[in-house]
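J.: this one's structure only:
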């Protein structure tokens, strides 16, 4: 199962990330297992597209099945519920974020630079960004199936950045008067808020450059 | 028509803003016109609630009609289309924002303080905030009926704040190295991003205090 998910993630990542080649290579594998992986990948692509366009709630399994030329029953064989499909799409997004951000908490400046890299990567996947914006807003409703996921995800992200800013403070690089907790909340907010502005005006907004400017206002990188 | 909209706005604002009394007084007016106003107000309340819970796309006229005990046809008599209803809800939100922010561009520091006041007011209307977050994300899709509205709204808001930060610069109060355009984009992003964090964790996030801290990082208020 883990392997299938990983493949699905790779395929969904295709476009602008240099991963297309790996995917194409993997796609040439023979046999029923490879076919299943291709099918799951195609479903995740379609789900991402349908959810990104209309949000999770109005996106239907039927629309996703139609997009990949399957029956609803056929799709449900791969992902038994719409929530399971959503979880797979979110897992993809998270894994990709972790890959870009890195997992090394030892160098706080590197973590913050990783955040700018993530913003730069996001600019290559507008569909994922649109999905994430719509879903995180929808999921603020405690009744939404992804509510718990987003509550945990935000707490984790803010916590991790707070540790990074605290590390900067210990290095004497955090601006006086700024607290690590406040800088973390603001950094996450700037990143999220810029995504909406960028989706509305892709030519007028440079997410990575703007986030970089924000970070340089609170941290001394030089 | 203008008057009816205004009434609808007041009623929808009820709760936490000191406007309840005005509304109650207006509500005591007699006659069919007053009844129409009350009905429109009730529809806007229900629409706000339904759209805030599930987003605009999955919110149905039928659900809204049911919530106010009307038939769909009855509701469509007041708002002929779902888009017209959305426009009325957005108009309400904007008018309220303008009321809080003020329209005086002459004092840039007052404009920025108004932004903090707006964040404080928003904390009293979580349903409106949830609606706005979900809608602005959904509406990044060029095919969404509110797309043009949000493109214009963001351009206007960023433009207005850019003028305010430029005013601060002229007063020698903008932080060195910060440009008015960048500060404006970041301020809007912080405000938007904090809304999602606050909706996910109402006890843990103080939107007004956090926005205030951000603004004090780029502007000298004292």
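T.: The structure has been received and is ready for your questions. This is a predicted model, so every value here is computed, not measured.
J.: For the helix ranked longest in chain A, list every residue counted as buried.
T.: Ranked by residue count and defined by DSSP state H, the top helix of chain A is helix A:31-58. Within helix A:31-58, the residues that count as buried by 16 or more other CB atoms under 10 Å in any protein chain shown are A:37-58. Every C-beta, even on glycine, is put in place using the N, C-alpha and C of the backbone.
J.: How about stretch A:198-214?
T.: For stretch A:198-214, the neighbour count (16+ other CB under 10 Å) marks A:198-200, A:205-208, A:210-214 as buried.
J.: quick one, helices of chain A?
T.: Taking DSSP H, the helices of chain A run over residues A:2-13, A:20-27, A:31-58, A:61-67, A:72-78, A:82-101, A:108-122, A:126-138, A:147-170, A:180-200, A:207-218.
J.: need the least confident one among the ones you listed, by mean pLDDT.
T.: Ranked by mean pLDDT, the helices of chain A end with helix A:2-13 at the bottom, a mean of 32.
J.: sorry, back to before: out of the helices of chain A, the one nearest residue B:98 is which?
T.: When these are compared by CB to CB, helix A:180-200 sits nearest residue B:98, at 20.2 Å.
J.: Run the angle between the closest one and helix A:207-218 for me.
T.: Following axes from the mean of the first three to the mean of the last three CA atoms, to 10 degrees, one obtains 160 degrees for the angle between helix A:180-200 and helix A:207-218.
J.: Show me the domain layout of chain A.
T.: Domain assignment for chain A by automatic domain parsing gives A:2-82, A:102-218.
J.: Which of those sits closest to chain B?
T.: Closest approach to chain B among the domains of chain A (CB to the nearest CB): domain A:102-218, 2.7 Å.
J.: What count of nearby residues applies to the closest residue in space to residue A:178 that isn't next to it in sequence?
T.: Distances taken as CB to CB, 6 or more residues apart in numbering or on different chains place residue A:218 nearest to residue A:178, at 5.0 Å, with adjacent residues excluded. A count of nearby residues for residue A:218, using other CB atoms under 10 Å in any protein chain shown, gives 21.
J.: Which residues outside stretch A:151-164 are in contact with it?
T.: A:94, A:105, A:108, A:111-112, A:115, A:180-181, A:183-185, A:187-188, B:196-197, B:200-201 (CB atoms under 8 Å, 6 or more residues apart in numbering or on different chains).
J.: hmm, 6 Å instead?
T.: Stretch A:151-164 has contacts (CB atoms under 6 Å, 6 or more residues apart in numbering or on different chains) with A:108, A:111-112, A:180-181, A:184-185, A:187-188, B:200.
J.: Now do the buried residues in that stretch.
T.: Residues of stretch A:151-164 classed as buried under the neighbour-count rule (16+ other CB under 10 Å) are A:153-154, A:157-158, A:160-162, A:164.
J.: try stretch A:166-177
T.: Within stretch A:166-177, the residues that count as buried by 16+ other CB under 10 Å are A:166-169, A:173-174.
J.: May I ask you to confirm that residue A:67 is in contact with residue A:46?
T.: Yes. The pair residue A:67 / residue A:46 is scored as a contact, 3.9 Å apart, by CB atoms under 6 Å.
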